[in-house]
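*Asks:* Please find the sequence and the predicted model below.
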Amino acid sequence: MSTYKLLLLPGDGIGPEVMAEVEKVVGWLGKTGLASFETEHGHVGGSAIDAHGKPLSDETLARADAADAILLGAVGGPKWNGIAYDLRPEAGLLRLRKDLGLFANLRPAICYPALADASALKRELVEGLDIMIVRELTGGVYFGEPKEITALPDGSKRAVDTQVYTTGEIERIAHVAFDLARKRSGRVASAEKNNVMKTGVLWKEVVTKVHAEHYADVELEHVLADNCAMQLVRRPKQFDVLVTDNLFGDVLSDVAAMLTGSLGMLPSASLGAVDARGTRKALYEPVHGSAPDIAGKGFANPIAMIGSLAMCLRYSFGLGEAADLVEGAITKALASGARTRDIAAEGQETISTAQMGDAILRELETARGV
Ligand SMILES: NC(=O)c1ccc[n+]([C@@H]2O[C@H](COP(=O)([O-])OP(=O)(O)OC[C@H]3O[C@@H](n4cnc5c(N)ncnc54)[C@H](O)[C@@H]3O)[C@@H](O)[C@H]2O)c1
Ligand SMILES: CC(C)[C@H](C(=O)O)[C@@H](O)C(=O)O
Ligand SMILES: [Mg+2]
């Protein structure tokens, strides 16, 4: 069996707390022989600023580049609020995404059966919900130049962010979305704002062309991003694969999270292009952030982080059965009533981050007959 090199970057706030639970699962997979890992740890974000004076050291970037996959907790927090823009914790994560070419961010929003009543919406609107948001991750307004704040003669300031997309950037994310749709329900919705943005005009044009030339068997719908946000809340099950740009994808995935019960439920995979050897760079992280409001209290939900490991098993290592096992254990732990605070109904008993990790481990052991 291959041994996979995993770089663990816990980061800040609740990042290390949820990473500790994923490490239990990584250890269990190794012990049972379902997968073999060599793990190493590194710093990113605020923890890297504290350790090396910058949010991502060249050495950590080199180790990330050499790893078979990266698991990341979360970055950021009030401790680093006053720091210069390019040195903030979030800049470390953005550099990792950009320098490793992780352009395709998959953010599945699945409503687990036991959580249909924990959703922000009525049960019938979310029961069976399974949306795959495909977010472009290395372009758009996050990286476009110029990006600056300049002083004006009257003493006030002018801030500029630039949204840029090229045909090639849109084509490759469109292919990811259409290929995924073929394995799912065969439907793609593409969200942009071609009514006010040139990048939206190009986005729609390129997605339409890729569809016509290669994916006539897939159903394509174009939707304006603001309407898309509303539709996600009005009738979310109309969507299957939802492809969109970097900024809209960031916002729409947080909206989708609340359909599943909590931001603590959404995992993600950030994938690069497939190389000649058939491998690709990949980073797996929860959609949520460092949650400073609950950090250190021991009640963060580790499911988004553990679900991100399941995505890693599936997308980086082709270990679909192990991924199913982990996702099945999450489903069963929830079905047995395990609830961190964010997904508990009023009056329902809650458990800690570590107890949720243990509940998932117990279900893994039961499933393997250990
Ligand atoms: N990928 C990342 O590392 C990432 C993602 C988003 C935000 N951030 C950063 O995190 C910091 C805090 O941002 P924020 O507060 O706007 O967003 P956040 O995602 O950290 O938290 C938003 C809300 O969701 C709750 N929440 C998040 N994850 C949870 C979990 N696993 N279990 C239970 N509750 C959870 C938090 O308690 C908070 O109330 C900022 O510095 C931001 O830039 C980082
Ligand atoms: C922390 C921040 C840079 C990041 C983003 O905006 O992409 C986060 O919100 C996310 O969703 O991963
Ligand atoms: Mg976000």
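*Replies:* Received it, and whenever you're ready, just let me know what you need. Ligands and ions are numbered 1, 2, ... in the order given.

*Asks:* near ligand 2, which residues of the protein?
*Replies:* Residues of the chain found near ligand 2 (CB under 6 Å from any ligand atom) are Gly76, Glu90, Leu93, Leu94, Asp250, Val287, Gly289. For every residue, glycine as well, the C-beta is placed using N, CA and C.

*Asks:* Spatially nearest residue to the residue nearest the centre of the chain, not counting backbone neighbours?
*Replies:* Closest residue to the average C-alpha location of the chain: Ser268 at 2.6 Å, with CA atoms, centre = their mean. In this structure, Ser268 finds its nearest non-sequential neighbour in Arg107, 4.7 Å apart by CB to CB, 6 or more residues apart in numbering.

*Asks:* same deal with Leu309?
*Replies:* Val22 (5.1 Å).

*Asks:* does that neighbour count as helix, strand or coil?
*Replies:* helix (DSSP: H, G, I helix; E, B strand; the rest coil).

*Asks:* do Ser190 as well
*Replies:* When classified by three-state DSSP, Ser190 comes out as strand.

*Asks:* 8 is where my numbering starts, stick with that
*Replies:* All set: I'll call the first residue 8, so the last point we hit is now Ser197.

*Asks:* Quick check: bridge partners of it?
*Replies:* Counting by DSSP bridges, Ser197 forms beta bridges with His229, Val250.

*Asks:* low pLDDT regions in the chain?
*Replies:* Low-confidence segments of the chain (pLDDT under 70): 377.

*Asks:* hang on, the residue nearest to Ser275 in a strand?
*Replies:* Yes - according to three-state DSSP, Arg114 belongs to a strand.

*Asks:* number of nearby residues for it?
*Replies:* 25 (other CB atoms under 10 Å).

*Asks:* ok, it to Tyr291 distance?
*Replies:* 11 Å (CB to CB, to the nearest Å).

*Asks:* any shared contact partners between these two?
*Replies:* Residues touching both Arg114 and Tyr291 (CB atoms under 8 Å, 6 or more residues apart in numbering): Pro274, Ser275.

*Asks:* related to what we said a few turns ago, which of the residues of the chain next to ligand 2 are the two that sit furthest away from each other?
*Replies:* Largest separation among the residues of the chain next to ligand 2 by CB to CB: Leu101 and Val294, giving 15.5 Å.

*Asks:* you'd agree Val213 is up against Arg179?
*Replies:* No - in this structure Val213 lies outside contact range of Arg179 using CB atoms under 8 Å: 10.0 Å.
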